[in-house]
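Visitor: Fold the following and give me the result.
(2 chains)
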2 protein chains.
Amino acid sequence: MVKRAEGALLQSISINRQGSHGLIIQICTHLREFILSGSLKAGGRLPSTRTLANELNVARTTIVECFERLAAEGLIETRVGAGTFVSQAFKNERLAVPAQKPMISEKSARLAQSMTSASSRFVPRLVHEQRPFTTATPAYDAFPMAQWVRLSSKHWREARKDILGYPEPYGHEVLRKAIADHLRVNRGIKCDWQQIFIVAGAQQAFQLIATTLIDPGDKVWIGARNSFVVHGADLVPVRVDESGLDVADALAKAPEFRLAFVTPSHQQPLGVNMSLERRMALLTAAQDQGAWIIEDDWDGEFCFSGLPLPTLQSMDQAGRVIYVGSFSKSLFPSLRLGFILAPPALMQHFQTSLDAFLPGVPTAIQAIVSDFIVEGHFATHIRRMRKAYHERYQTLYAGVQAHLSDYLDIMPTSTGMHTVAFLKQGLNAEEVAKRAAERGLTLTPIGRFCIVPYERQGFALGFSGFSTAQIDAAITVLKDVCADTTAAREAEPA
Amino acid sequence: MVKRAEGALLQSISINRQGSHGLIIQICTHLREFILSGSLKAGGRLPSTRTLANELNVARTTIVECFERLAAEGLIETRVGAGTFVSQAFKNERLAVPAQKPMISEKSARLAQSMTSASSRFVPRLVHEQRPFTTATPAYDAFPMAQWVRLSSKHWREARKDILGYPEPYGHEVLRKAIADHLRVNRGIKCDWQQIFIVAGAQQAFQLIATTLIDPGDKVWIGARNSFVVHGADLVPVRVDESGLDVADALAKAPEFRLAFVTPSHQQPLGVNMSLERRMALLTAAQDQGAWIIEDDWDGEFCFSGLPLPTLQSMDQAGRVIYVGSFSKSLFPSLRLGFILAPPALMQHFQTSLDAFLPGVPTAIQAIVSDFIVEGHFATHIRRMRKAYHERYQTLYAGVQAHLSDYLDIMPTSTGMHTVAFLKQGLNAEEVAKRAAERGLTLTPIGRFCIVPYERQGFALGFSGFSTAQIDAAITVLKDVCADTTAAREAEPA
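Guide: Below is the predicted model:
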């Protein structure tokens, strides 16, 4: 017989009668939990289906179905003529243990050593609020959504198997060809479409590269990138000046490097181009050392003045450059679409990794982007954005010169989506950023991009995502913020 | 002066005049390559713009623009009154080196040690051709595309910033809530929506888990999974019988295990459910050892007989189970959409990883799937597919019994998208599969799922993706194949 306490337990089952097909599931869930937690003891008899149905005010067939279900799961046993009992299996002490141990806590969860040591060194994620002067924000308002929706509908409707089935592990062939063509025409890059591997954004590209190439302790020049940290890479902070990465400094610090991570078309965060001499020196160093170079061409498309600068990849005669591209800036970030242009020596190895892990991007997305490129919308969009971003940059530059020259020294740029402004009067970047945030502005201190503290205080100011009116208004607010910060500092006791 | 050879070199520039805005890019690309490769020597003078324009039969302004461009890149220098010269920078011997070294080859590319040792142990990717009896193939023909297209158009048109901007790193909140609700109602799982992390498919889930938890040498029960191999895990092949993973065998082989990888609702490839005793024993072992369990619930939705079996996660009272779900089977594979249901102790650690790497699924896709679930289309689709797959399974089972009983011993199943058939008469599975492939059938030998050779020869036969007519026709072909294989073997000299 079920003891009094257990009878009460069964009556305590609360049922939500609003749910559609929920009764059986709800009752089963309760009974299962009572059994697994030991509240109903092994071998204990359950009430008859009739009794339980009456107590719970449900149809008897509902209870019959619940019992059949729990019996199928092995939790209860029905003996003809005797009734229904909690399975004897729970008498086994080993089986009863789980219910009695407490839930394991976050602190006591042991992690992989590489993760434990890496996570404290992760670069914090930049927050991408849609307000001035957030960096790396495309002009969402100018996106040609009509074209996009047309292509989207087309690809969902057409060719079910192609679009719905397992994706090609290295990427949709049409897209790989479209990207190779685009790179040839617009970035001076010669490559075979089979060198293109589609990945879910640049971060996934870096992970794939790190998995393939990085052993613990390997020296990586610059590269304040989390993917390398978790693979145990030894990040070597290298000086960056107005010519880009200082290769001599890097060679002095870590001559036996394994990988160099550079953004030659627009060095983060200073926004400088890497000079020809530095590019050649870097290529030479990589060859001499048998090292690899990741060229992160994150905003190379957006050079205001005519054609973009040539890529490092197009200068590489030895096959040492791994070019990583992304559509986060040229289309939009939530696409999660990027690609690797692999040097021939690494093609097979990336294939092996992708075959093993099958990451990948929804095929429909790849098909839409393919058409977007092939039909010419992509090139048109880039051209329009280049013009819009130039205009937005000019508004920012002129506005800061006119109204903020007491506080900020703004750097010119000829490319990209942000520029840098250095603080005058000894103002502290984090302090100004904090005050600005309270007034609805996002300022990104240069220091957040750097592994070692940068010698000057300043911000990366994004301009691409905001109208000229928004930028003008934000400059007015920023002037107040700078004045307030200065006043507050002067008010402090010396 | 440019030497004669160099003059010929310049004349050798071939131009494709069909391209739209290609002339300047084409000429620049050629000149850049001549300079970088050393074919045009440092300090050498280039022909005048007029001469070159004549020789190439292009407008002089085109050449002027090319020269300005190359000068901006630092490749050439114009001296007033003297002409245009290849940059003296290339006299620097260090800079000249890259051109002379050969392209590095695939063989000489050194990889990460973990990758080198892992890649030989990667499980080969299963090929998913859309023909009988490919496994794990949803019924594409039955997908409710009209609903899908409607939701897709809606989400692209609406709410630009939300859909286009940087994705939420742990996944779209609406989708995380929809999945938590679905799991509660349909899988007997109680969880907080914040325990749900959206990832690009189950493989990415396994990678994230491996990164977070696995050190080289850690013992992993079963888990012939590539993500763990590359993290240096020591895979322990464990016996699987009609009750699922043999926990006693696993404990004998590797008592100090770190992770167990199981598919309790449908063990690959045998299609068996894990018994209650085994489930409890596994949970106990994980607790005793402080180990983790990955529950890969890859086709748990498709139980033909009423409700699916409860998940291991819903029996876990200690927070040791990491439940991994995927929409590849319940919707379609090219979505690249899956999720992790994290135990509380691992939530913060997965957050750290996802913040660092920002993988993620296109937000539009997540928004579509959210609505698909919330509006009830998902539950309806699952119900319809459960019925359709049951019918297809019955056709397969009856057909094999009726026509192939001389060659095949087909196992019953009450769930999933495939079943197993064992070969009789000592036939070799790989041999039959090879002959079947020539006749347009895909058979997947059981051995391909296993780390150690399986004792019996047989196949996993997928039925979910094919109409009953296709299945009937394929059985006829398979009968011929089996007969031919038997005849060929008997014809061999003893």
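
Visitor: Could you pull out the strands in the stretch 1-150 of chain A for me?
Guide: Secondary structure of the stretch 1-150 of chain A, counting by DSSP state E, counting those that start in this stretch: strands at A:76-79, A:83-86.

Visitor: same check, this time on the stretch 351-494 of chain A
Guide: Going by DSSP E, counting those that start in this stretch, the stretch 351-494 of chain A shows strands at A:408-410, A:418-423, A:444-445, A:458-462.

Visitor: is chain B contacted by the biggest helix by length in chain A?
Guide: If you go by DSSP state H, chain A has its longest helix at helix A:377-403. No - using C-beta under 8 Å from any C-beta of the partner chain, we find that helix A:377-403 stays clear of chain B, coming within 8.8 Å at best. No exception for glycine: its C-beta is placed from N, CA and C like everyone else's.

Visitor: Tell me where the model's unsure across the stretch 101-250 of chain A.
Guide: By pLDDT under 70, the low-scoring segments of the stretch 101-250 of chain A are A:101-102, A:115, A:117-128, A:158-163, A:188, A:222-232.

Visitor: Please enumerate the helices of it.
Guide: Along the stretch 101-250 of chain A, counting by DSSP state H, counting those that start in this stretch, helices occupy A:113-119, A:145-157, A:160-164, A:173-187, A:202-213, A:226-230, A:247-253.

Visitor: want to throw those helices into a markdown table with distance to A:A436?
Guide: As requested, the helices of the stretch 101-250 of chain A are exported to a markdown table (distance: least, C-beta to C-beta, whole Å):
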| stretch | distance to A:A436 |
| --- | --- |
| helix A:113-119 | 29 |
| helix A:145-157 | 31 |
| helix A:160-164 | 45 |
| helix A:173-187 | 36 |
| helix A:202-213 | 27 |
| helix A:226-230 | 26 |
| helix A:247-253 | 33 |
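
Visitor: what would these look like in CSV with mean neighbour count and distance to chain B?
Guide: Below are the helices of the stretch 101-250 of chain A laid out as CSV (neighbours: other C-beta atoms under 10 Å in any protein chain shown; distance: least, C-beta to the nearest C-beta, whole Å):
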stretch, mean neighbour count, distance to chain B
helix A:113-119, 17, 5
helix A:145-157, 18, 5
helix A:160-164, 18, 4
helix A:173-187, 20, 6
helix A:202-213, 25, 5
helix A:226-230, 25, 4
helix A:247-253, 17, 10
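
Visitor: Tell me which of the ones you listed sits nearest to B:H390.
Guide: helix A:160-164 (21.5 Å; C-beta to C-beta).

Visitor: on that earlier part again, mean confidence for the longest helix of chain A?
Guide: The average pLDDT within helix A:377-403 is 90.

Visitor: Just the angle for it relative to strand A:458-462, thanks.
Guide: 140 degrees (axes from the mean of the first three to the mean of the last three C-alpha atoms, to 10 degrees).

Visitor: Quick one: residues contacting the nearest residue to A:Y389 once chain neighbours are set aside.
Guide: Computed as C-beta to C-beta, 6 or more residues apart in numbering or on different chains, the closest residue to A:Y389 that is not its neighbour in sequence is A:S464, at 4.7 Å. When contacts are counted by C-beta atoms under 8 Å, 6 or more residues apart in numbering or on different chains, A:S464 touches A:136-139, A:302, A:385, A:388-389, A:392, A:416-418.

Visitor: Among those, which pair sits farthest apart?
Guide: A:A136 and A:A388 (15.4 Å).

Visitor: can you tell me how far the spatially most central residue of chain A sits from A:D246?
Guide: Central residue of chain A (C-alpha atoms, centre = their mean): A:Q203, 6.2 Å from the mean position. The gap separating A:Q203 from A:D246 is 26 Å, by C-beta to C-beta, to the nearest Å.

Visitor: What of A:A388?
Guide: 34 Å.

Visitor: Stretch A:336-352 and chain B in contact?
Guide: Yes - applying C-beta under 8 Å from any C-beta, one finds stretch A:336-352 touching chain B at A:336-337, A:343-349, A:352.

Visitor: out of those, who's nearest A:K41?
Guide: The closest of the residues of stretch A:336-352 next to chain B, once distances to A:K41 are taken by C-beta to C-beta, is A:R336, at 51.2 Å.

Visitor: Any idea how many residues pack against the closest one?
Guide: Look at A:R336: counted by other C-beta atoms under 10 Å in any protein chain shown, it has 29 neighbours.

Visitor: Let me see the contact set for the closest residue to chain B within the stretch 51-200 of chain A.
Guide: Taking C-beta to the nearest C-beta, chain B has its nearest neighbour within the stretch 51-200 of chain A at A:G74, 3.4 Å off. Listed by C-beta under 8 Å, 6+ apart, the contact partners of A:G74 are A:87, A:89, B:275-277.

Visitor: Just those residues: which are in helices?
Guide: Among the contacts of A:G74, the residues falling in helices (DSSP H) are B:276-277.

Visitor: ok, the contacts of A:G74 vs B:D241, which is closest?
Guide: Proximity of the contacts of A:G74 to B:D241 was ranked by C-beta to C-beta; the top entry is B:S275 with 9.6 Å.

Visitor: Now that closest one: closest residue in space, sequence neighbours ignored.
Guide: Closest residue to B:S275 apart from its sequence neighbours, by C-beta to C-beta, 6+ apart: B:S243 at 3.9 Å.

Visitor: hang on, the one you found packs against B:L276?
Guide: No - using C-beta atoms under 8 Å as the test, B:S243 is too far from B:L276 to be in contact (9.2 Å).
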